[in-house]
Structures are given as structure tokens and as C-alpha cells.
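can you look at this prediction? I've put the sequence above it.
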Amino acid sequence: MGKVVLVTGVARPLGGRFVRRIQRDPDVDRVVAVDAVRPAHHLGGADFVQTDIQQPTVARVLAEAGADTVVHLDVTGTPLGGGSSRTALKETNVIGTMQLLGACQKSPTVKRLVVKSSTNVYGSAPRDPAVFTETTPPKSLPSGGFAKDAVEVEGYVRGFARRRPDVAVCVLRFANILGPAADSPLAAYFSLPVLPTVFGYDPRLQFVHEDDVIDVLRLASHEPRRGTLNSGTFNIAGDGVLLLSQCSRRLGRPTVPLLLPAVTWAGSLVRTLGMSDFSPEQVRLLTHGRVVATDQMRETLGFTAKYTTAETFTDFVRSRGPGLLPPEALAGAVDRIAALPLPGTGSGHPPKQSAN
């Protein structure tokens, strides 16, 4: 018999895509798709079970499925359909993970666990290292929001790994996920007509394309190839970085630089309007940025992202349509301003020295 894979969070577009993809693999015999709500998209030939992973019933679902591989995707920073409260989202992320891990611990059939996490666990602080590795401790632990959820989730996963050393556990820390169907907080921020930014800061950002997310989840859910190891914690991101100013130019969306207190106030406003998640951790990211190393992703996990950070953002921009300003015009205007001579320098050349 082939593998039996149980996947959580299938009502979201990313979960649905992964379910449709993994069931096409020749060594997968059955896919059991789990979520508290019925998905609006199709799941191919997967068996859908409508259950809340916060409830003990998830243990019965796992036992009846006889799954040997569990892929936990129901860890997210964006409410499904925009209708859930922050409290409900935290309960799904943290309490739901606890219940699922409890069910996995009791299951004699589970041999592999893959957990979707986030580079948000590193936080964003003014004295952060230039690049985070998987073993770099954060300068300041996230104090709230999805970032804090991800830290708690990873803590429970580490505890499970100690109790079940026979289970291969793979934690994938994704950079900001973008693509045509992305529903991440940063995707919502970039969809605003005008981007509020923090005055005096131009943070470095990394992205991972949703196609690469599906591919690396699929890789992690299978037996490792020779020379690779599909267990451990891995940063997942596209090569390269983009500055926030570069992102705004490519989007064709103007920025409004605000002092930090005003940015926090603006965040409260856009949250009230239901437009974006502007939590304190999101504000810190847009202030200090974050860059992670992906050496272990390539060398140990054996995965290379198809899209760079810049290519990921370009695909995202195409899916969102034109901004208020054409990107070419905005970029040209910025370049012309940068080329203007400094005061007292005339045509841009250093001022000539007097003969006297």
C-alpha cells in the first residue's frame, strides 16, 4: 500500500493546492483533507473530513485514516474569509496544534510530520543580525500576533519530537509568501492603494513564491533522497532581497512615510477597515526588515527555489494589476530626482575650485 497523508487547513487556497498536488504522486495511496469549514475549491480525489482540529475528534479522524504522514498547514496569520477574530485565529494556531500533536503522539501509524511555520519567529529588532540562520536566537521575541503564535507552535512541535523520536519532524519556516493567490498579511498590505511606511527606514524583505511552497511541502512529506535529510528546521525563501522602496516602485503605489506612532495609528485604522493585518510585529517588519539564510534548505533538505525574491514579487505585481502610478513612470521619476545635482554643484559635477 502507498502512503496515507492527512493535511490540515485545506479550506485555504494553499492547502487546497497542496492536496490536489500530493495526491498525484505515485507513492501516495490516499489523502485525507481536514478543516473546520468546507472548502470552496475542489480537492480532487481527496477524502474531506469536516472537523475542527481544536477538538479531540481530530484524534479519531487520524486513527481512522491510519495516516503515516501529517502535513499541518493550519498555522496562519490571516483569518479565512476575513471573518475570524484574532482570538479565534490564535486558538486555531496554538490550541489546534496542541490537539493535533496529541493525536499524533497516540498514533502508532504516524511516521512523518511536516509543520508550516514562519520566519516571523525571529522577530524584527534594530540590532538584528544581517542574516538569520536556523540556530540564531531572536534579539527580541515576538510579543504578539501571528509571530508569537508561530513561536508557541514551534515550542509544542519540539516537545512532540522529544516524546516521539521515531517520527521524522520537519518544520518549514517560510518567508513572506506571495503569488497570485497569496492571502498573507503582507500581500494585503501591498494591495493597499497607498503604502504607509516608517519615516527614515527602508527595510530589506524576502519572499517565497506560493509555487515553491507547494514544491517544498511535497518534498518534505516524502522519504528523503540520498544525501538529504527531511527532518529538522529549515528557512524557506527565494534568493536575494528587495527594499520596501523597490517594492513600492514595482507596484506603482506611492508611499506615505509616517513617524512610528502615526504608523501604529494607521495600522489600527486599516485593521478596523478590515483591509490588512497591521499588528505591532508587522510594523516592526516594515521598520527593521528581516533576511534569513537558506543554505540548509539547499544543502540538507535538497531544495532549490525556482523563484528568486524579485521574481516572486514580479509575479505578485502582475496578479494585482496596475497601481495608482505606472511602475515605469514612478521609477523614472525617482531616478530623475536622484540624478538632480546637489545644491552648489551646478550640473552635477563637483564645483570648480577658484584660481585664487
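Yes, it's here.

now the phi/psi pair for the nearest residue to Gly2 once chain neighbours are set aside, please.
Nearest residue to Gly2 in three dimensions, chain neighbours excluded: Asp29, at 3.1 Å (CB to CB, 6 or more residues apart in numbering). C-beta coordinates here come from the backbone N, C-alpha and C atoms, glycine included. Backbone torsions for Asp29, taken as degrees, to the nearest 10, come to phi -90, psi -30.

Asp29 reaches Gln23, doesn't it?
No - applying CB atoms under 8 Å, one finds Asp29 not in contact with Gln23, separated by 9.3 Å.

comparing those two, which residue is more hemmed in?
Gln23 (19 against 13; other CB atoms under 10 Å).

who's the nearest residue to the more buried one once chain neighbours are set aside bridged to?
The shortest distance from Gln23 to any non-neighbouring residue, by CB to CB, 6+ apart, is to Val31 (4.5 Å). For Val31, the beta-bridge partners are Val5 (DSSP bridges).

what's the longest helix in this structure?
In the chain, with assignment by DSSP state H, the single longest helix is helix 145-163.

who touches it?
Applying CB atoms under 8 Å, 6 or more residues apart in numbering, the external contacts of helix 145-163 come out as 75-77, 86, 89-90, 93-94, 97-98, 101, 104-105, 113, 115, 117-118, 120-121, 123, 141-142, 167, 169, 171, 185, 233, 277, 279-282.

flag the shaky bits of the protein, pLDDT-wise.
Scanning the chain for pLDDT under 70 picks out the ranges 1, 81-85, 262-278, 322-356.

how about the helices in it?
Using DSSP H, helices in the chain cover 13-22, 57-65, 86-90, 96-106, 145-163, 185-190, 210-220, 244-251, 260-272, 280-288, 295-299, 309-320, 327-339.

which one of the ones you listed lies nearest to Phe199?
Phe199 lies closest to helix 260-272 among those, at 7.6 Å (CB to CB).

with distance to Ala130 as new columns, can the helices of the chain be given to me in a markdown table?
Converted to a markdown table, the helices of the chain look like this (distance: least, CB to CB, whole Å):
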| stretch | distance to Ala130 |
| --- | --- |
| helix 13-22 | 30 |
| helix 57-65 | 41 |
| helix 86-90 | 31 |
| helix 96-106 | 31 |
| helix 145-163 | 20 |
| helix 185-190 | 21 |
| helix 210-220 | 23 |
| helix 244-251 | 17 |
| helix 260-272 | 22 |
| helix 280-288 | 11 |
| helix 295-299 | 14 |
| helix 309-320 | 15 |
| helix 327-339 | 25 |
